[in-house]
Each structure stands twice: as C-alpha cells, then as structure tokens.
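Peer 1: Predicted model and sequence follow; I will ask about them next.
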Amino acid sequence: MNPHHRTNALRERLNASHEIQYGFCVTSRNCVDAIIALANQLEIPIMLLATRSQVEYEKVGKGYVNGWSTRELSEYIDLHDKGGYVVLCRDHGGLSEEHGSVLEGQTFTNALRAAKESLLEDIRRNFSIIHVDVSYMFDETSKLDKRIALLLELYQFCNSNSKHELSFEISIVKQTGLIDDIFLYKQLLDEFAIFCIRNSLPRPLFVTTNLGTLVRGNYNAGDIRRVDSLDSGYMEKVRMLTNCAALHNAFVKVHNADYLPDSSFQYLTKVGVRAANIGPEIGAFETLFILRLCNDLGKKKLREKFIKHFYESRKWEKWVAPDTPISDLDKAIICGHYNYSTAEFKDTFSELSMETERRGHNIHSMIVEHLKNVIKRRII
C-alpha cells in the first residue's frame, strides 16, 4: 500500500480530533503483532516506530529487534497488516542521539553517508513518516544555524529521492527533560517554511521539541511532573510552542512519554500537543509479563535465568543514572527487551514456551494479548 494513503488516515484523525495520537516503538516481534492486531481490530491508524538501533538497513547493520532489517520489517507489516492501518515510521532517523552506538567511532563524513543510506532504504521500503533528527552530532553549544543547515540537507535529500509524497517529523535538539526555548523553536520553523516554499517541498507533519519529558529508570523524570501541580508557567510555555507549530500547519509530538499518568496526557492535550511516542514502557511490560508467567508456572529457575541475563547485559545503563534508587530486578525489567534476539534468551524462552504449551496455552498469543491490553489503555 502507498505509504501516503496510510498517513492520510492519520492526518484525518489529527485534524478531526483533539486527542493525542500515539506511536509505539518496535520493542519486539510480539509488540509489532499486537499493534497490527489492535489497529485492524479497531480500524484506526496506529504509528509503529523504529529507531535505527532497533531496525536498520542491512548494509549499515541490522538492529536488535528480532534481527530485522528495514526491508524485513516493512515486508512483515505488508504481509500481516491486512487493513493497511499500521503507519510505519522511522524514529530518530538521520544523526540522532538515540542510536549513538551506530555512530560511535565514525567520522562525521562516514556517519552522514550511512545516515543517508539508511534514509534512502526507508524510502524504498515505503515508510510512511520519516523523522529527520540531527541531535546526535551537536551539543547545546553548537550554533543553531549549523544544526538547521544539516537538517535541511537531509530533508531535501529524502524528498529528492522519493517517487511519492513523504511525511516528515523534524528535530534538532536532544531530550533533556526541560522545555525548549520558544525563540529557538520559532527560528527553526520559520527557516523551514522559507526553505520548503523555495524548493517546493512539503511541510513537516510533526515537529519534536522538549516538552519536559525524560525517561529515567522506570519513571518519567522530566519537568512535566510540574503539570500535576498546575504550574501555569509550564502550561503557557507549552501552549506557545504548539501554537507556533500550528501556524506552520504542523503538529507537536512529544517523545519520552513513557510512564506518564493519565493526568499529564490530559494537560498536554489541553495545550495542543497532538502526538506522543512510547517505547521503553511497552518493552518493560512484556518483560514483566514473562517473569510473572515464570512465577505462575512455578518456574523459579527460569525466572532467575532471565533476570541474570538481562541484568548482566547492562543495557539498563542507557536509562538509569548512577544515582537512581532502583533495584537490580527493576534494572533487568527495564532492559529485558534489548536481549530478546540473543541465543541465551531464546534458549530460556524456549523452555518457558514448552512448559506453557504443555499446559494448553500458546505463549506468543498470551504475550500479544497482554500487550494489546496495555496499548489499548493508551489509545482508547
């Protein structure tokens, strides 16, 4: 299906409803199956997001989710998404902080070349929305015009290499947990509008900025916590950002929206935020389900194997600051999904699967149903 048709359905919902439209990261094959099933069951578009570390072009290096390449994920969606409701999105494409391990040790020239090859593959494989993000190559002291120039270069590259109209999300700053300066944000949108008009390019669908969200451990540590105390200054600043985007026919999307209470989303909706990304939270729910299933089946040793493997992978270090008061068990739960493609996990999971089948249940169906319920809680 033409990705433009998938995006049209999402755009219609964005224009018709004031509710936040959610995007969910590709944390596992079970997560993908849950999104596909739920989108087709409810007959609504749902954004499925893949970072470069999760799913990547073969030539650059496959991601950690199910060993999928960009092509393989796209083909999987086309095969199973019978109604065409899944909106496949590249999350943090380009040169983003989200895939530092992909870029580590590379020169800027090589990193930029690989980024363009990755984006080109996204276009070939009919991704519906491409997030062009240049946050990794710059720190807070980098000049804004340098960041915007690189963003415009990648934006034009994508459009020049596409045979159909693309939809985009853009960002130039790292997630900090604070709130971006409205003047920085306005300059970005103004320059982007002029560039798009001069070059006859489509305006971006989404603009990502810091709205006070930041995942740390198994909670949200950003300034958004002030929303619950009715901080009027915070609310007014966010409203200014969303109004600025609206003037450019774009919608504001918030990242790191995991672990937020319903009240935070209600406040964000009131001030015009129209989309949100959730990822680590879904991965943690799946890992937690697996560990609880071990308990329910009386498989204590299998549970201990999982926890040991997850914890010793040290993948939790990405999300846990040194001074975070969090248990080793919680660390294992946070990073479990990063290890689902490892041989050690597959061997242990196979034992759990056989025990589940012996008792008349299919573990894949159980996990998918559990994740559907978790995701449905957000979108309905």
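Peer 2: On my side now, so go ahead. Here the structure is a predicted model, which means the values were calculated and not measured.

Peer 1: C-terminal to the host helix or strand of Leu154, what's the next element?
Peer 2: Here Leu154, judged by DSSP states H and E, is contained in helix 144-160. Later in the chain than helix 144-160, the nearest helix or strand by DSSP H and E is strand 167-171.

Peer 1: show me where the protein has strands.
Peer 2: Applying DSSP state E to the chain gives strands spanning 21-25, 46-50, 86-94, 129-133, 167-171, 206-208, 215-216, 219-220, 251-254, 275-278.

Peer 1: Can you report the mean pLDDT over the residues of the fourth one?
Peer 2: By that I understand strand 129-133. Average pLDDT, strand 129-133: 96.

Peer 1: Figure out how far that strand is from the centre of its chain.
Peer 2: 11 Å (Cα atoms, centre = their mean, to the nearest Å).

Peer 1: go on, the last one?
Peer 2: Strand 275-278 has its average C-alpha position 7 Å from the chain's average C-alpha position, going by Cα atoms, centre = their mean.

Peer 1: just how off-centre is stretch 9-22 within its chain?
Peer 2: The chain centre lies 18 Å from the centre of stretch 9-22; the measure is Cα atoms, centre = their mean.

Peer 1: Of all the residues in it, which ones are buried?
Peer 2: Using 16 or more other Cβ atoms under 10 Å as the test for burial, stretch 9-22 gives Ala9, Leu10, Arg11, Leu14, Ile20, Gln21, Tyr22. C-beta here means a position set from N, CA and C on the backbone, and glycine is covered the same way.

Peer 1: how about the residues you listed in CSV, adding distance to His164 and pLDDT?
Peer 2: Shown next, in CSV, are the buried residues of stretch 9-22 (distance: Cβ to Cβ, whole Å; pLDDT from 0 to 100):
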residue, distance to His164, pLDDT
Ala9, 16, 91
Leu10, 16, 94
Arg11, 15, 93
Leu14, 20, 94
Ile20, 27, 96
Gln21, 22, 97
Tyr22, 25, 97
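
Peer 1: So for Phe192, which of the strands of the chain sits nearest?
Peer 2: Nearest to Phe192, of all the strands of the chain, is strand 167-171, at 6.9 Å by Cβ to Cβ.

Peer 1: quick one: that closest one to strand 46-50, angle?
Peer 2: Angle of strand 167-171 versus strand 46-50, following axes from the mean of the first three to the mean of the last three Cα atoms, to 10 degrees, is 60 degrees.

Peer 1: what helices or strands is strand 167-171 leaning on?
Peer 2: Where contact means 3 or more Cβ pairs under 8 Å, 6 or more residues apart in numbering; DSSP states H and E, strand 167-171 is packed against helix 3-16, strand 129-133, helix 144-160, strand 206-208.
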